[in-house]
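Chemist: Test case, fold it:
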Amino acid sequence: MSYSKLFDSGFTERNKDHFAAIVRVAMDDGIISNDEKAFLDRLARNLHIHDNDYEQILKDYKSHPINPPVDYTRRLERLYDLARMVAVDHIKGDHEEILIRKIGIGLGFSPENVKYIVDKALTLVTDGVDLDTFIEEIKLMNR
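Modeler: Here you go, the predicted model:
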């Protein structure tokens, strides 16, 4: 197997795992709304998730690990996706907040400041900021 095939395979698996983490948040209430479905469709396209993988992940999303990116900016991009999914779902309540923080820790944010980062992320997404502004604001917060 060539090096490029190994890289493509790893990249694809990380995208599937990231997508499964987002599906996990969407499925927390047991259903996927039309808004969530539209977001998941766009996210799957952006992450190059094939249709058959998409359907399999929807059926078995809990079997995918949450693999945190090493690069901080990549972690923030994934947090942005997660925060957008949460905003679409209008998630509220203790159970959902615990789940979001767990996924945040799974993405590589420290347990000591994950609540603060997740709260800030949700605020920024609710305010409608784009990805670049989101990354800039979170990075400023951590200086």
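Chemist: How confident was the prediction at the closest residue to residue 76 other than its chain neighbours?
Modeler: Excluding the flanking residues, the one nearest residue 76 by C-beta to C-beta, 6 or more residues apart in numbering is residue 135, at 4.8 Å. Placement of C-beta: from N, CA and C, glycine included. pLDDT recorded at residue 135 is 95.
Chemist: tell me the contacts of residue 135?
Modeler: 73, 76, 77, 80 (C-beta atoms under 8 Å, 6 or more residues apart in numbering).
Chemist: cool, residue 87 as well?
Modeler: 122, 125, 126 are the contacts of residue 87 under C-beta under 8 Å, 6+ apart.
Chemist: Mind checking which of the contacts of residue 135 are in helices?
Modeler: 73, 76, 77, 80 (DSSP state H).
Chemist: possible to save those as TSV with pLDDT and neighbour count?
Modeler: Below are these laid out as TSV (pLDDT from 0 to 100; neighbours: other C-beta atoms under 10 Å):
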residue	pLDDT	neighbour count
73	93	11
76	93	24
77	90	16
80	89	21
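Chemist: Residue 22: which of those residues is nearest?
Modeler: For the ones in helices among the contacts of residue 135, the residue nearest residue 22 by C-beta to C-beta is residue 80; the value is 10.9 Å.
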